[in-house]
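1. what follows is a predicted protein model with its sequence.
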Amino acid sequence: MSSAPPDKPDTKDPPFREALRGLPSRVWLISIGALVNQVGNFLPIFITLYLVERGYSAGAAGLVLGVSGVGRVLGNTVGGYLADRFGRRWTIAGSAVTTSGLVASVPYLGSLATIVAVVGLIGVTSQIYRPAAAAVLVDSVETHQQRLAAFGVFRFAQNLGVTVGGVIGGVLADTSYEALFLTNAAAGLLFGVFVAVLVRDAPQSEADQDDADTRADRVAGYRQAFADRILVRFLLMTVLAEFAYIQVTVGLPLHINDVGLSERHFGYLMGLAGLLVLVLELPITAVVSRYRPEYVLALGNLIIGVGLALTGFATDMGPLVATVVIWTLGEMMSTSIAQAYLANRTPPGMVGRYQGLYGAAYTTGTSAGPAIGGALYAIAPWTLWGMVAVFGLLSAQLALPSRRAASSREASTVAEPDS
């Protein structure tokens with residue numbers, strides 16, 4: 001794997017649709033496993049409602065969610081190290097099986113302190129598989145177009161799982177929270193067994209194996225990663241972009257309530273966003289795959305920021321639908337290409353850690369966003385929408401090559417001899 005990819009997709013790359021058709025079985029298997037896991041991943045969605053039903057306050061629920069968020073950040077970094085050190089397959093299987101056991105215990109927990117501790121641990125273990133699964137995709141393909149296709153299929157499976165799982169989870173929660181969490185545990189266990197039995201790690205080249213061995217120490221490995229200025233810029237971009245995007249779950253419902261609409265209208269808007277992603281993300285990925293990924297990321301982040309900021313001016317369903325279409329378009333552009341772009345710039349032996357840091361940055365933005373966004377909205381709604389717009393602009397700027405990188409690229413082009 002090259003740590004210095006071309007600025008635009010290699011002309012030797014197969015077209016996106018051809019790359020999609022030619023994906024190896026390992027990509028489809030890990031995507032099917034992720035679909036099963038996501039269909040049953042009820043706890044993050046329903047834990048707040050469960051705690052409130054048990055008589056805990058909103059503050060207690062917030063404490064549980066906060067500890068879980070910290071655990072999710074930690075889980076991604078740990079998972080990246082484990083994937084590089086011990087292999088993708090067993091990292092995924094261990095994560096899924098451990099999480100399954102912890103989730104199964106949730107309906108039987110007594111004190112709030114115990115719930116906080118267990119849900120915090122679930123935050124860690126449930127995220128360990130993510131960088132390992134991303135590494136499976138990266139290991140399975142070689143070119144930029146193939147990586148876009150692999151991550152596109154994986155995201156489609158996850159989005160389909162979220163859509164189907166939300167419906168199933170609502171039915172189960174209305175019947176029994178015990179059944180909800182036990183079903184969640186069963187889905188996670190099935191995912192772990194599925195990966196352990198059917199998914200095999202791609203054979204590493206001798207160079208990759210030697211490189212991984214020389215960086216077996218976790219701290220040294222991450223120290224090397226943070227020395228990569230392009231990676232640090234990418235991670236900061238991710239935090240800001242996800243902070244802005246997560247306001248879909250905070251600022252948008254608060255705004256809908258303020259303009260006199262109901263939860264049902266919010267459900268319609270979220271359903272529209274989900275439908276657009278399922279139907280259009282792969283075709284849009286095929287279109288944007290022709291362009292430099294940095295520019296696609298920048299444009300996608302900018303569209304998300306502008307689309308969400310316009311929410312503050314929308315007072316009925318027509319304009320709100322328009323804003324949803326705008327920011328969903330930005331989401332499909334930027335998210336579809338982010339991990340593939342990162343994979344292009346990952347040095348040998350560091351795939352898990354780079355993807356783990358991406359997951360940690362992503363989770364940082366989505367964990368901090370709700371608390372800060374809610375506080376800003378309580379002060380004055382325009383402060384939240386203004387910050388969303390600013391973060392959209394900043395994340396777009398960070399996605400573009402820095403001046404130093406551009407100067408280095410120009411220098412290497414000038415120095416390159418004629419063939």
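-> Cool, got the structure.
2. in which helix or strand does the residue nearest to residue 340 when sequence neighbours are not counted reside?
-> Distances taken as Cβ to Cβ, 6 or more residues apart in numbering put residue 147 closest to residue 340, at 3.9 Å, once the chain neighbours are dropped. Just so you know, the C-beta spots here come from the backbone N, C-alpha and C atoms, and that holds for glycine as well. Element membership for residue 147, per DSSP states H and E: helix 144-175.
3. now that helix: average pLDDT?
-> For helix 144-175, mean pLDDT is 89.
4. counting contacts, what elements does it pack onto?
-> Counting contacts by 3 or more Cβ pairs under 8 Å, 6 or more residues apart in numbering; DSSP states H and E, helix 144-175 is packed against helix 16-21, helix 25-39, helix 43-53, helix 112-140, helix 177-198, helix 263-288, helix 317-344.
5. how near is the residue lying closest to residue 58 once chain neighbours are set aside to residue 19?
-> Distance criterion Cβ to Cβ, 6+ apart; nearest residue to residue 58, sequence neighbours excluded, is residue 52 at 7.3 Å. Taking Cβ to Cβ, to the nearest Å as the measure, residue 52 falls 46 Å from residue 19.
6. tell me which of the two has more neighbours.
-> Ranked by neighbour count (other Cβ atoms under 10 Å), residue 52 and residue 19 place residue 19 first, with 22 against 13.
7. isn't the residue nearest to residue 340 right next to residue 137, touching?
-> Yes. Counting by Cβ atoms under 8 Å, residue 147 does reach residue 137; the two are 7.2 Å apart.
8. what is in contact with these two at once?
-> Common neighbours of residue 147 and residue 137 are listed as 339, 343 (criterion: Cβ atoms under 8 Å, 6 or more residues apart in numbering).
9. which secondary structure element of this protein has the lowest mean pLDDT?
-> helix 206-214 (a mean of 47; mean pLDDT, DSSP states H and E).
10. what residue ranges in the stretch 301-419 of the chain score low on pLDDT?
-> Counting by pLDDT under 70, the ranges of the stretch 301-419 of the chain that qualify are 403-419.
11. and residue 227, how many residues sit next to it?
-> The tally of other residues near residue 227 (other Cβ under 10 Å) stands at 9.
12. any idea how far residue 376 is from it?
-> Taking Cβ to Cβ, one finds residue 227 at 34 Å from residue 376.
13. then residue 51?
-> For residue 51 relative to residue 376 (Cβ to Cβ), the value is 25 Å.
14. same question for residue 262.
-> Using Cβ to Cβ, residue 262 is found at 23 Å from residue 376.
15. quick one, which of these two is more surrounded?
-> residue 376 (20 against 10).
16. can you tell me which residues contact that one?
-> 383-384, 387 are the contacts of residue 376 under Cβ under 8 Å, 6+ apart.
17. where helices are concerned, which of the residues you listed count?
-> 383-384, 387 (DSSP state H).
18. ok, and the most crowded of those residues?
-> Most crowded among the ones in helices among the contacts of residue 376, counting by other Cβ under 10 Å, is residue 384 at 26 neighbours.
19. name the nearest residue to that residue, sequence neighbours excluded.
-> Going by Cβ to Cβ, 6+ apart, residue 384 has residue 376 as its nearest residue, at 4.2 Å.
20. the strand or helix carrying the one you found to helix 317-344, inter-axis angle?
-> Assigned by DSSP H and E, residue 376 belongs to helix 351-379. Using axes from the mean of the first three to the mean of the last three Cα atoms, to 10 degrees, the direction of helix 351-379 lies 150 degrees away from that of helix 317-344.
21. of all the helices and strands packed on helix 144-175, which one is nearest residue 159?
-> helix 263-288 (5.2 Å; Cβ to Cβ).
22. now do the closest one: which elements does it pack against?
-> helix 16-21, helix 144-175, helix 251-258, helix 317-344.
23. tabulate the ones you listed (CSV), appending distance to residue 65.
-> Output for the helices and strands packed on helix 263-288, formatted as CSV (distance: least, Cβ to Cβ, whole Å):
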stretch, distance to residue 65
helix 16-21, 37
helix 144-175, 17
helix 251-258, 16
helix 317-344, 22
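24. of these, give the one that comes closest to residue 67.
-> Nearest of the helices and strands packed on helix 263-288 to residue 67, taken as Cβ to Cβ: helix 144-175 at 21.7 Å.
25. give the buried residues for that closest one.
-> The neighbour-count check on helix 144-175 (16 or more other Cβ atoms under 10 Å) flags 144-163, 165-166, 169, 172-173 as buried.
26. re earlier: thought the residue nearest to residue 58 was touching residue 62?
-> No. Taking Cβ under 8 Å as the definition, residue 52 is not a contact partner of residue 62, at 11.1 Å.
27. just give the nearest non-adjacent residue to residue 250, would you?
-> residue 373 (4.4 Å).
28. which residues touch the one you found?
-> 243, 246-247, 250-251, 384.
29. tell me the one among those nearest to residue 94.
-> residue 246 (28.5 Å).
30. nothing else from me, thank you.
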